[in-house]
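**Student:** I'll drop the sequence and a predicted model, then ask my questions.
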Amino acid sequence: MIAVLCGGVGAARFLSGLLSVVAANDVTAVVNTGDDTELHGLSISPDLDTITYTLSGRVNPSTGWGVAGDTFTAMSALEGLGGESWFRLGDLDLGTHLYRTGRLRDGASLSTVTAEVAASVGIGLRLLPMSDDPVRTRLHLERGDEVGFQEYFVKLRHDVPVSAVSYAGAAVARPAPGVLESLTGAELVVIAPSNPVLSIDPILSVPGIGQVLRERRETVVAVSPIVAGAALKGPADRLLSELGGTASAAGVAHWLRGSCGTLVIDVADAASAGEIEAAGVRCVVAETVMSSPAVAAGLARSVLQAGGAGDGTRSRNR
């Protein structure tokens, strides 16, 4: 079994590639919920939904998130009434949030609701939130105030300097049922190409999860989300620099070296291999920019090979 720590868009694309070479029932995705929020009385889980929409073939291809062909009639009505509309929820997307909110208010756990939504669209892998308890990413801005993830990322367009990041609720959160068992029992643990600060660190902040990765570090393979000094999507490069790291593949290696023994970097960063190895992290060079399903599948094979999980050509039907 392969366990994958996941953020949103990059992780979803990686999972698509992985499922083209590995049977879905051999994969467990442990997903960041630090981005989760409540808006308009609705419980919203952006990373869980991005993965669900992507693997079910419903994702908006132009954004990598949201539902393809969605409309925004409800948002337009809300805006006309003077309500907050900076976080745009499509009409089809609202159906997911309405279902989740109702089930949670009925007493179901987030992991139960996640499994129900995944089953309803035929996703074969096991999809787990990192915790059923609320953990919320908070960004402390250089100008002095503190904001939640969605306000930083969407409302402020992640265009304000950050001095620190914290994960509210993490200290008392528990891993969701099945998370620790999946991570300890997996043949290989993969850290998907996701923002180290905003997507991976929230998962590692949940008591027990970071410890498991540290203990089995040599069988953890990460994929760098930084290519040629820049994030493929989002503010990972700026955040790494603002928080004292380096916006580079080597910077990712330094940031994650306590949790992974191998880092897969893009061919554009091949010259960084020596610096990464000097940091105590084995380096593998591959094509990591998932510009097509074939490239995503190739990256998945490279990760499997790097982690010693077969030869990267495992059958989806075995």
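**Tutor:** Yep, that arrived.

**Student:** Please make it C-alpha for all contacts and neighbour counts, starting now.
**Tutor:** Will do.

**Student:** Please enumerate the strands of the stretch 101-250 of the chain.
**Tutor:** 126-129, 136-141, 146-148, 162-168, 188-191, 220-223, 226-227, 230-231 (DSSP state E, counting those that start in this stretch).

**Student:** any idea how far the nearest residue to Glu187 once chain neighbours are set aside lies from Ala230?
**Tutor:** Using CA to CA, 6 or more residues apart in numbering and skipping the chain neighbours, the partner closest in space to Glu187 is Met1 (5.5 Å). As judged by CA to CA, to the nearest Å, Met1 and Ala230 stand 32 Å apart.

**Student:** got it, and Ser43?
**Tutor:** 32 Å.

**Student:** Mind checking which of these two has more residues around it?
**Tutor:** Ser43 (20 against 16; other CA atoms under 10 Å).

**Student:** Give me the local confidence score for the more buried one.
**Tutor:** Predicted confidence (pLDDT) for Ser43: 97.

**Student:** A helix includes it, no?
**Tutor:** No. Counting by DSSP: H, G, I helix; E, B strand; the rest coil, Ser43 falls outside a helix, being strand.

**Student:** Is it bridged to anything, and to what?
**Tutor:** Glu38 (DSSP bridges).

**Student:** what sits against it?
**Tutor:** Asp36, Thr37, His97, Leu98, Arg100, Thr101 (CA atoms under 8 Å, 6 or more residues apart in numbering).

**Student:** And for Ile2?
**Tutor:** By CA under 8 Å, 6+ apart, the neighbours of Ile2 are Asp26, Val27, Thr28, Ala186, Glu187, Leu188, Val189, Val190.

**Student:** Kindly recompute the last result at 10 Å.
**Tutor:** 18, 22-29, 182-183, 185-190, 304, 309 (CA atoms under 10 Å, 6 or more residues apart in numbering).

**Student:** Run through the residues that contact Gly251.
**Tutor:** 224, 226, 229, 237, 240-241, 244-245, 257, 272, 275-276, 279.

**Student:** any idea which helix or strand comes after the host helix or strand of it?
**Tutor:** Secondary structure from DSSP states H and E places Gly251 in helix 249-256. Next helix or strand after helix 249-256 toward the C-terminus (DSSP H and E): strand 262-266.

**Student:** Just the mean pLDDT for that following strand, thanks.
**Tutor:** 98.

**Student:** List the pairing partners of it within its sheet, with orientation.
**Tutor:** Partners of strand 262-266, by DSSP bridges, with direction: strand 220-223 (parallel), strand 282-286 (parallel).

**Student:** What does the pLDDT read for the closest residue to Ala118 other than its chain neighbours?
**Tutor:** Closest residue to Ala118 apart from its sequence neighbours, by CA to CA, 6+ apart: Thr52 at 6.3 Å. pLDDT for Thr52: 97.

**Student:** For Thr52, list the residues it contacts.
**Tutor:** So Thr52 contacts 8, 12, 46, 58-59, 65, 114, 117-119, 121-123, 127 (CA under 10 Å, 6+ apart).

**Student:** Arg143 now?
**Tutor:** With the criterion set at CA under 10 Å, 6+ apart, Arg143 makes contact with Val160, Pro161, Val162, Ser163.

**Student:** residues near the closest residue to the third one other than its chain neighbours, how many?
**Tutor:** To tie it back to what came earlier, the one meant is Val162. Distances taken as CA to CA, 6+ apart put Leu141 closest to Val162, at 4.3 Å, once the chain neighbours are dropped. Using other CA under 10 Å, Leu141 is surrounded by 16 other residues.

**Student:** For Gly245, which non-adjacent residue is closest in space?
**Tutor:** Nearest to Gly245 is Gly251, by CA to CA, 6+ apart, at 6.0 Å.

**Student:** Nice, that's everything, thank you.
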